[in-house]
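1. Could you look at this predicted model? Sequence included:
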Amino acid sequence: MALSIKITDKPLQPDACSKFLNQSKSTFICQSTLLNSSQRDKVIQLDFKEFEHEAFLQLHKIADAANRKFKISKALIHHRIGTIESNQPILMIAFSANDRSQANQACQYAIKKLSEFFPMWKDENWEIQEQGRVAQAS
C-alpha cells in the first residue's frame, strides 16, 4: 500500500491529494473544513495541539488497519495543527481501492477511528454577541 501521512502547521493542499492518487482506479476523498458556527456562537478559529510523534504513529495504525480491512492500494491522511481560521481545511483523508465502496468504507472507518483514538486537543475560539457588542472568547 502506498501511504502519505502528514501532520503540519501549514495549510493543507488538495492538489497534493490529487497528485498522490493520480491514476488510481477507485478513490474516495474526504476533506473536513472548519465551519464558522457551533451550537454556541460563531467560531473564528481553532487551535489544535497534539503529541506529534504519537499522533503520527496513530495515523499509520489507522491506515494499516483500513488496508487490512478494505484492501486499500493507496492511503492519504493529512491533518492540520496549530491555529486554523474559519473555512480552512483541517483534515484530508483519501483512499484508493479496486472498488469504490471499499475506498468509501475505508474513509468512514478512518474518520471514526480518528475521532475515537487520535491524541489531539482543540481550543475553540468564538465570537460572542452581547448587547450589540462582539467579543472574542476561547
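-> That came in fine, so what should we check first?

2. At which residues are the helices of the protein located?
-> Under the criterion DSSP state H, the chain contains helices at 14-20, 52-70, 100-117.

3. Pick out the shakiest of those, pLDDT-wise.
-> Within those, confidence is poorest for helix 14-20, with a mean of 88 (mean pLDDT).

4. how about it: buried residues?
-> The neighbour-count check on helix 14-20 (16 or more other CB atoms under 10 Å) flags 17, 20 as buried. Every C-beta, even on glycine, is put in place using the N, C-alpha and C of the backbone.

5. Can we start the residue count at 640 from this point?
-> Let's use 640 as the start, then, which means that last one is helix 653-659.

6. which residues touch that helix?
-> Outside of helix 653-659, the residues within contact range by CB atoms under 8 Å, 6 or more residues apart in numbering are 641, 643, 668, 670, 713, 715, 717, 728, 731, 733.

7. now do 7 Å
-> Judged by CB atoms under 7 Å, 6 or more residues apart in numbering, the contacts made with helix 653-659 from elsewhere in the structure are 643, 668, 670, 713, 715, 731, 733.

8. neighbours around the fifth one, how many?
-> Looking back up the chat, that one is residue 715. For residue 715, the count of nearby residues is 22 (other CB atoms under 10 Å).
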